[in-house]
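Novice: give me a model of this one.
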Amino acid sequence: MLEEVYCKAVREILSRKMFLQPDVRMKDVARAAGTNRTYLWEALRRKGFSIRTLMDRIRTLHFIKMSCNDNFRDKSVTEISEICGFYNPRKLNREMQKLLGISAAAYLGKSRQSKSPNT
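Specialist: Here you go, the predicted model:
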């Protein structure tokens, strides 16, 4: 049951692009997933997340995906972080350090360098 709640919540967050909203709350996700905050809280807790940490993880993965997109080659880390739903680019940097051990700017630079026609 709680696994289903977790999966449904993640599906709804992704399909509705709720992660792009910096102020999304537990009740918003619970409502979208057709459950209540208590079940959602417990489902997230069992996976090692809070609503904030789950959103930050999804936003960070979205940043990684976007950094490979040619449409964002001229955007700064600050601009992309805002597009991804982060209220502050420092938060993105902390999440990138936790996930990959590298800053967002360094990752973006490497991503752009690897797509450069001169490499």
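
Novice: contacts only, for residue 88.
Specialist: residue 81 (CB atoms under 8 Å, 6 or more residues apart in numbering). The C-beta positions use only the backbone N, C-alpha and C, and glycine is treated the same way.

Novice: do residue 8 as well
Specialist: By CB under 8 Å, 6+ apart, the neighbours of residue 8 are 33-35.

Novice: which of those residues lies closest to residue 99?
Specialist: Ranked by distance to residue 99 (CB to CB), the contacts of residue 8 are led by residue 33 at 24.1 Å.

Novice: now that closest one: phi and psi?
Specialist: The phi and psi values for residue 33, taken as degrees, to the nearest 10, are phi -90, psi 0.

Novice: can you list the domain ranges for this structure.
Specialist: Domain ranges of the chain: 2-49, 54-114, per automatic domain parsing.

Novice: so can I have CSV of the ones you listed showing mean pLDDT?
Specialist: As requested, these are arranged in CSV below (pLDDT from 0 to 100):
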stretch, mean pLDDT
domain 2-49, 96
domain 54-114, 92
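
Novice: can you map out the helices along this protein?
Specialist: For the chain, applying DSSP state H gives helices covering 2-15, 26-33, 37-46, 51-67, 77-83, 89-100, 104-114.

Novice: hmm, who's touching the fourth one?
Specialist: When you say that, I think you mean helix 51-67. 10, 13-14, 18-19, 24-26, 29, 40-41, 44, 47, 49, 72, 80-81, 83-86, 91-92, 95-96, 99, 104, 107-108, 111-112.

Novice: swap the cut-off to 7 Å and go again
Specialist: With CB atoms under 7 Å, 6 or more residues apart in numbering as the test, helix 51-67 has contacts from 13, 19, 24, 26, 29, 44, 72, 80-81, 84-86, 92, 95-96, 99, 104, 107-108, 111.

Novice: which parts of stretch 32-47 are buried?
Specialist: Across stretch 32-47, burial judged by 16 or more other CB atoms under 10 Å covers 32-33, 35, 39-41, 43-44.

Novice: ok, stretch 53-60 next?
Specialist: Within stretch 53-60, the residues that qualify as buried are 54-56, 58-60, counting by 16+ other CB under 10 Å.
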